[in-house]
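[1] after the sequence you'll find the predicted model.
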Amino acid sequence: MVTDEQVVERLRARDAQTFCALIERLQHPLTGYLHRLVGDREVALDLAQDTFLQVYKEIGKTSGDLSLDAWIYRIATNYGLRYLNRKRLKQFIRLESQEGINESLATAGPEEQAETRILVHQALDRMNPKDAAVLQLHFGNGFNYEEIGQILKVSSEAVRKRVARGVDKFRALYGQAPAADTPAAGAQEPARLGAQFIAPGEVVPKRDGR
């Protein structure tokens, strides 16, 4: 089995086959993560492409003990948060109209599932982007606290507290999220949070140490 260290060394050597294999392995989960973070699949595809380009450019500057996936998700998270900050600034100064909920949420699966996904997306959209990103990394992509700490450059204890705070905030906002013709929306139990972060047909890869 090829280790992370071997993969990193091959990437540093500009091995095209290794880089293509990396993209094939991570493109779907990474795009799914960015889609949930920014709420627009086309933007997510662009940000994922930017992420892989940055990986190709910067891999030679990394240290030997690099945690490859965590580093890549850190780059993707930074791109996603920068996009959200620019988008919210434009909305604030009225240069861009407010975008609605992504249509794919409303057409993905049975009606109740679609309504739940809309409520989840609305709640996340009202959260601090960093808190929303932590919840998505943990529940949606299966990263543990230590790995998220590597992605965000904070301690695992800080991540644990942020996840706990984020879940509380999510629960409060989920109960308030408006959804037309959705009976007792606030009464729906958001405890099974992870399932709601996974887009239809998306498989979250199993990760060690869970």
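    It's in.
[2] what ranges does this structure have for its helices?
    Listed in chain order, the helices of the chain (DSSP state H) span 4-12, 16-38, 41-58, 68-92, 103-107, 111-125, 129-135, 145-152, 156-176, 193-196.
[3] give the rounded mean pLDDT of the last one.
    So that's helix 193-196. On average, the pLDDT along helix 193-196 is 50.
[4] need the helices of the chain in a markdown table (columns: mean neighbour count).
    To be clear about C-beta, it is placed using only N, CA and C from the backbone, and glycine gets the same treatment. Formatted as a markdown table, the helices of the chain follow (neighbours: other C-beta atoms under 10 Å):
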| stretch | mean neighbour count |
| --- | --- |
| helix 4-12 | 16 |
| helix 16-38 | 19 |
| helix 41-58 | 17 |
| helix 68-92 | 17 |
| helix 103-107 | 14 |
| helix 111-125 | 19 |
| helix 129-135 | 22 |
| helix 145-152 | 21 |
| helix 156-176 | 16 |
| helix 193-196 | 17 |
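[5] any idea which of these scores lowest on pLDDT?
    helix 103-107 (a mean of 40).
[6] tell me how many other residues surround Thr3.
    If you count neighbours by other C-beta atoms under 10 Å, Thr3 ends up with 9.
[7] ramachandran coordinates for it?
    phi -90, psi 160 (degrees, to the nearest 10).
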